[in-house]
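Chemist: okay, predicted coordinates and the sequence, questions at the end:
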Amino acid sequence: MNIYLDNAATTPLDPQVLEAMLPFMKTHYGNPSSIHAFGRKSRTAIEKARKIIAQHLNCSTAEIFFTSGGTESNNTILLNALQNLSVKRIITSPIEHHCILHTLDYLKQHFQCTVEFVKLNEKGAVDLENLDALCANSTEKTMVTLMHANNEIGNLLPIQQVAEICQKHQCLFHSDTVQTIGKIPFDLQKTPIHFLAGAGHKLYGPKGAGFLYINAENQCKPLLYGGGQERNMRAGTENIYGIVGLSKAVELSYQNIEENAQHIKKLKKYCLEKIQTQMPEVTVNGLQGDQSLYTILNLNFSNYPKTDMLLMNLDIEGICASGGSACSSGVDAGSHVIQALNLGSKSIRFSFSKFNQLTEIDYVLNTLNKLLLSPVT
């Protein structure tokens, strides 16, 4: 049996998404910048996709720009903050995705900017009082960049409260929402976020297709120069079938958001309750309940002796899980999130999808029992 529980790294492609993409791979292959009928067909598909995403976020179509994914979207905003938006100071946390932290390392070296870290509690939750104080403690233009859901431990940022703190102190607010687009509703008319990012492959869409939301109050410049695609915000011929698949994935996710959420919550609850009963020494990394994204469960197995090869042994048994971020080029350097919070090195992230079933969770539980609790022979 092969069981995939690494959906925070990437999700399987929904068959309906593939069906929407295929005509643009086989038949509607015109360049959207061409003025003939083939080109106009592609251009219409892109603008329809933009409209679908804007409707689900309750923003203007003029505020949505297509990119290759979350990393490009986040890089574009962080670079723009310093080059074009007069930002001199950035507030973040030590458990952000590497596409934030590594970009900030680069920016510190090449631009005059200050990077400050907000305090976190022992579970990795942002200290809102400290954030408020940091935002108030400077006359320099400041950007706050905090991810909506941590991709490793699942902590949910109280995004409305953070947005209001930023608004009070006239700070720009950028959030990496790659893990939460399609899983949590957004209303950008009510939540004052200036920038956010999405990626198709995190919500049953294609890899290599993402988007960037830029609030109309802010004027940014492209990361890639060349043609005038994406209203002069991203040069290069558009990834038409990727964009079509991305928008279809967003559409399906929000159409079925309650059904999908209830199914996945049931899987996560069942898995956690069984593990806590069968292996009471296992602890949960990060926040729980409504403060945690329902697709992610990060468990610390450090109190059990036979954990050195646990992730590999799970793989041998056909179970795909993760020990850290999947965005490190295959390098097993451990999780910087787990290290920053001192949560224990023997941790595994299980992340669930709408395609997983309870029978699969039972197989995982039985396998964990066999690997951790069976007598040594």
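Modeler: On my side now, so go ahead.
Chemist: what about the residue nearest to N121 when sequence neighbours are not counted, how many residues close to it?
Modeler: Leaving aside its chain neighbours, N121 sits nearest to D127 (6.5 Å; criterion: CB to CB, 6 or more residues apart in numbering). All C-beta atoms are positioned from the backbone trio N, CA, C, and that covers glycine. Other residues within reach of D127, judged by other CB atoms under 10 Å, total 14.
Chemist: contacts only, for D127.
Modeler: 118-121 (CB atoms under 8 Å, 6 or more residues apart in numbering).
Chemist: quick check: the gap between it and K248.
Modeler: The gap separating D127 from K248 is 39 Å, by CB to CB, to the nearest Å.
Chemist: just H201 next, same as before
Modeler: Separation of H201 from K248 (CB to CB): 13 Å.
Chemist: contacts for stretch 358-365, please.
Modeler: For stretch 358-365, contacts defined as CB under 8 Å, 6+ apart pick out 1, 3, 5, 266-267, 270-271, 274-275, 278, 314, 319, 350.
Chemist: mind listing what's buried in that stretch?
Modeler: Buried residues in stretch 358-365, counting neighbours by 16 or more other CB atoms under 10 Å, are found at 360-361, 363-365.
Chemist: among these, which are located in helices?
Modeler: Members of the buried residues of stretch 358-365 lying in helices (criterion: DSSP state H): 360-361, 363-365.
Chemist: farthest-separated two in those residues?
Modeler: Using CB to CB, these span at most 9.8 Å, a distance reached by E360 and L365.
Chemist: which residues does the nearest residue to I181 once chain neighbours are set aside bridge with?
Modeler: In space, I181 comes closest to G198 once its chain neighbours are excluded; the distance is 4.0 Å by CB to CB, 6+ apart. Per DSSP bridges, the residues bridged to G198 are F211.
Chemist: what of M143?
Modeler: Taking DSSP bridges as the rule, M143 bridges to I90, L172.
Chemist: distance of it from S33?
Modeler: Going from M143 to S33 by CB to CB gives 33 Å.
Chemist: same drill for those two, tell me which one is more crowded.
Modeler: Of the pair M143 and S33, M143 is the one with more neighbours under other CB under 10 Å, namely 24 against 13.
Chemist: what's the helix or strand for E251?
Modeler: Per DSSP states H and E, E251 falls inside helix 240-255.
Chemist: alpha carbons of that helix, as CSV, please.
Modeler: Extracted as CSV, the C-alpha positions of helix 240-255 are listed here (Å, rounded to 0.1, in the frame of the first residue of the first chain):
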residue,chain,number,x,y,z
ILE,A,240,-1.5,29.3,-20.0
TYR,A,241,-2.5,25.8,-19.0
GLY,A,242,-0.8,26.3,-15.6
ILE,A,243,-2.9,29.5,-15.1
VAL,A,244,-6.1,27.7,-16.2
GLY,A,245,-5.3,24.8,-13.8
LEU,A,246,-4.5,27.2,-11.0
SER,A,247,-7.8,29.0,-11.3
LYS,A,248,-9.8,25.8,-11.6
ALA,A,249,-8.1,24.5,-8.5
VAL,A,250,-9.0,27.7,-6.6
GLU,A,251,-12.6,27.5,-7.9
LEU,A,252,-13.0,23.9,-6.8
SER,A,253,-11.4,24.4,-3.5
TYR,A,254,-13.7,27.2,-2.5
GLN,A,255,-16.8,25.5,-4.0
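Chemist: please renumber so the chain begins at 8
Modeler: Shifting the count to begin at 8 puts that one at helix 247-262.
Chemist: list the buried residues of that helix.
Modeler: Of all the residues in helix 247-262, those buried under the rule 16+ other CB under 10 Å are 247-261.
Chemist: following element in sequence after the helix or strand bottoming out on mean pLDDT in the chain, please.
Modeler: Here the helix or strand of the chain ranked lowest by mean pLDDT, DSSP states H and E is helix 343-348, holding a mean of 91. Later in the chain than helix 343-348, the nearest helix or strand by DSSP H and E is strand 354-358.
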